[in-house]
Structure formats: structure tokens, C-alpha cells
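Undergrad: coordinates only, no sequence provided:
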């Protein structure tokens, strides 16, 4: 499942990369009012393309979770910053251990991979949450996760925007769900296309 907003530069690559990593998976792209060629690029790459008109990642997540029925779900951003090759190992970890959520914990040596202040903010927020629930995760703001059907169909989805990543983690921890984490390579977002 790939939520998208104006990702014409990267979405075809992301779809193709995940199709190569998981050849039997259905790749869903949910477009959130893009004004560029995201839909055409995703369709051309072979994705099942759906739309959500309410603006915000949280609304897209709600639509995905209600529309799609599967045993396991992989969620990833459409900006080509995450490692598709890690998906089979993340899925295997979830399946073999009966986990409801597996985090793709971001690992990078690239200075430009994170926005300014993002690393510190993630550490502080993760530290606060783990002080309440115990240290079960190192990266609670990752946009790359595997979920079980139980997680998806019980998720209360209250947020409208990017705070949904925090909601995922808190839901899993509050419900004492079995969770796991694997390190995954994280890179900077490719530059935008020049104006035509």
C-alpha cells in the first residue's frame, strides 16, 4: 500500500521495485489529490490505483485499511526513500512470529536523508513513548511497516495527517500486540523535476 501526493518523480520506481521484491503482491497506490502525473506514472508501472479526496495521509490510511482485505499489509511512502528489498524479510518476520506490526527502522549514512531536526524529534518522541510502554521499537516515525489483518481491522485511525505514524505505534503498544523491527536502508528523496 503506497499513499501518494505529487510523487511523479518516484512512484513508478517504487512500484517496480516492490513488484520485483514481492512478485506475488498486489501493489496499491492511493492518490491524494495529486496535481502532477502521479496517477499516470503509477498506472503505467502496473499498480492498482485508487483515490482519496479528503486531504491528508491519515485519511488515505483509513481508506486503504477499509478497502483492502489481506492477511498481511505492507505500507510504504511513495518517495523512493525506503528499501523495497527489505520487504520479504519484514513480511517473513511477521508471518513466522505471528507479529501484528513490523517496523522498518531507518538506517542511513546520508546527511540529506532526514529533514533538519527530524532525527532529534524522532529520538525524543520515541524516548517518551518507550518510557511509558517499554523499549520495543527504535523508530516510531518510520513510514515503512508490515501489519497483520488484526492490526489493520482494529486500528482506530483518528488523525488526518502524518501523525498517523505515531498512532500506529501507540495502538500496537496500548493493545500489547506482538511487534518487531528490522533495520532498513533509508536514503534522501530524489530531486523534483524542473518546471516545464
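TA: Cool, got the structure. Quick caveat: nothing in here was measured; it's all calculated off a predicted structure.

Undergrad: ends of stretch 79-89, what's the gap?
TA: 21 Å (Cα to Cα, to the nearest Å).

Undergrad: give the rounded mean pLDDT of it.
TA: Here stretch 79-89 scores 96 as its mean pLDDT.

Undergrad: tell me the gap between that stretch and the middle of its chain.
TA: Once both centres are worked out by Cα atoms, centre = their mean, to the nearest Å, stretch 79-89 turns out to sit 10 Å from its chain's centre.

Undergrad: list of residues touching it?
TA: Stretch 79-89 is contacted by residues 7, 9-10, 13-14, 17-18, 20-22, 74, 76, 104, 106, 113, 143-144, 146, 182, 184-190 when judged by Cβ atoms under 8 Å, 6 or more residues apart in numbering. The C-beta positions use only the backbone N, C-alpha and C, and glycine is treated the same way.

Undergrad: and those residues, which of them are in strands?
TA: 74, 104, 106, 146, 182, 184-185 (DSSP state E).

Undergrad: among the contacts of stretch 79-89, name the buried ones.
TA: Neighbour-count burial within the contacts of stretch 79-89 applies to 7, 9-10, 13-14, 17-18, 21, 74, 76, 104, 106, 113, 143-144, 146, 182, 184-187; the criterion is 16 or more other Cβ atoms under 10 Å.

Undergrad: do you have the helices of the chain handy? List them.
TA: 11-21, 38-44, 57-67, 87-97, 118-133, 149-154, 164-174 (DSSP state H).

Undergrad: and the ones you listed as a markdown table, adding distance to residue 1?
TA: Shown next, in a markdown table, are the helices of the chain (distance: least, Cβ to Cβ, whole Å):
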| stretch | distance to residue 1 |
| --- | --- |
| helix 11-21 | 10 |
| helix 38-44 | 12 |
| helix 57-67 | 5 |
| helix 87-97 | 12 |
| helix 118-133 | 22 |
| helix 149-154 | 10 |
| helix 164-174 | 12 |
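
Undergrad: quick one, which of these gets closest to residue 29.
TA: Nearest to residue 29, of all the helices of the chain, is helix 38-44, at 4.0 Å by Cβ to Cβ.

Undergrad: give me the most central residue, the protein.
TA: Closest to where the C-alpha atoms of the chain average out (Cα atoms, centre = their mean) is residue 76, at 2.9 Å.

Undergrad: look up how far residue 69 lies from it.
TA: Separation of residue 76 from residue 69 (Cβ to Cβ, to the nearest Å): 19 Å.

Undergrad: poorly predicted segments of this structure, please.
TA: Filtered on pLDDT under 70, the chain yields the residue ranges 109-136, 160-162, 191-196.

Undergrad: again, only using 90
TA: For the chain, the stretches flagged by pLDDT under 90 are 106-141, 156-167, 169-170, 173-174, 186-196.
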